[in-house]
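In: Provided below are the primary sequence and the corresponding predicted coordinates.
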Amino acid sequence: MKDNNRDPGPLNITVLVISDSRTEKTDKSGKLLVERVQAAGHRLHDKQIVPDDIYKIRAVVASWCADADVDVILTTGGTGVTGRDGTPEAVAVLMDKQIEGFGEVFRMISFEEIGTSSLQSRAMAGVCNGKYVFCLPGSASACSTAWDKLISAQLDYRTRPCNLVELMPRLKER
């Protein structure tokens with residue numbers, strides 16, 4: 001039975017793949033996220049692929065932030081340190097609040113899996129117009145780690161002692 005005070009039901013989640021080379025046919029990370037989202041009982045609202053271009057990334061994320069039907073935005077790619085990696089720069093300016101703990105905990109978990117290479121990730125999360133935004137690395141392994149060990153539990157109202165879903169109705173409070 002649904003607990004109406006805590007359970008919002010399935011969330012509408014978008015997935016943005018950021019890559020200069022991936023297509024629907026070759027994309028593994030976005031497909032993995034879509035599968036995980038749907039397996040968790042949520043709805044895929046939209047999925048797109050854009051090149052590593054700050055303005056194209058920002059335009060898609062901004063449109064989803066403005067869409068009343070979107071609850072959560074997931075991005076994959078562009079969080080590294082090369083010249084073309086610009087996802088944090090594209091998205092950070094849209095956020096009302098950053099959730100610093102997400103990147104910190106993601107890198108801590110990643111350190112256990114890939115060692116010091118984890119410091120190259122600029123994975124981040126925050127709140128944009130009442131929606132959660134998670135910016136993940138482009139590798140399918142990193143997306144799996146982020147979803148399986150962090151995001152899925154926080155998007156589940158049953159997670160105790162607290163979770164991000166319970167806070168959703170209060171994200172737009174002023």
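Out: Yep, it's here.

In: show me where the protein has helices.
Out: Counting by DSSP state H, the chain has helices at residues 29-39, 54-66, 87-92, 100-114, 140-146, 152-154, 164-167.

In: Tell me where the model's unsure across this structure.
Out: 1-6 (pLDDT under 70).

In: What backbone torsions are found at P8?
Out: P8 adopts backbone torsions of phi -80, psi 0, taken as degrees, to the nearest 10.

In: coming back round to it: can you list the helices of the chain in TSV and add distance to V81 and mean neighbour count?
Out: The C-beta positions use only the backbone N, C-alpha and C, and glycine is treated the same way. Below are the helices of the chain laid out as TSV (distance: least, C-beta to C-beta, whole Å; neighbours: other C-beta atoms under 10 Å):
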stretch	distance to V81	mean neighbour count
helix 29-39	18	19
helix 54-66	15	18
helix 87-92	10	22
helix 100-114	13	16
helix 140-146	14	21
helix 152-154	26	17
helix 164-167	27	17
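
In: Let's have those in TSV, adding distance to R22.
Out: Shown next, in TSV, are the helices of the chain (distance: least, C-beta to C-beta, whole Å):
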stretch	distance to R22
helix 29-39	8
helix 54-66	14
helix 87-92	14
helix 100-114	21
helix 140-146	11
helix 152-154	23
helix 164-167	28
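
In: Identify the residues contacting R84.
Out: By C-beta atoms under 8 Å, 6 or more residues apart in numbering, the contact list for R84 reads D20, D52, G78.

In: Buried ones only from those, please, as a PyMOL command.
Out: If you want just the buried ones from the contacts of R84 in PyMOL, going by 16 or more other C-beta atoms under 10 Å, the selection is:
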select buried, resi 52+78
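
In: quick one: which of the contacts of R84 is nearest C143?
Out: Within these, the smallest distance to C143 is 12.9 Å, found for G78 (C-beta to C-beta).

In: Quick check, that closest one in contact with V61.
Out: No - using C-beta atoms under 8 Å, G78 is not in contact with V61, being 11.2 Å away.

In: any shared contact partners between those two?
Out: Joint contacts of G78 and V61 (C-beta under 8 Å, 6+ apart) are A90.

In: if we can go back for a sec, dump the contacts of R84 to JSON lines, plus distance to A92.
Out: Below are the contacts of R84 laid out as JSON lines (distance: C-beta to C-beta, whole Å):
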{"residue": "D20", "distance to A92": "21"}
{"residue": "D52", "distance to A92": "16"}
{"residue": "G78", "distance to A92": "12"}
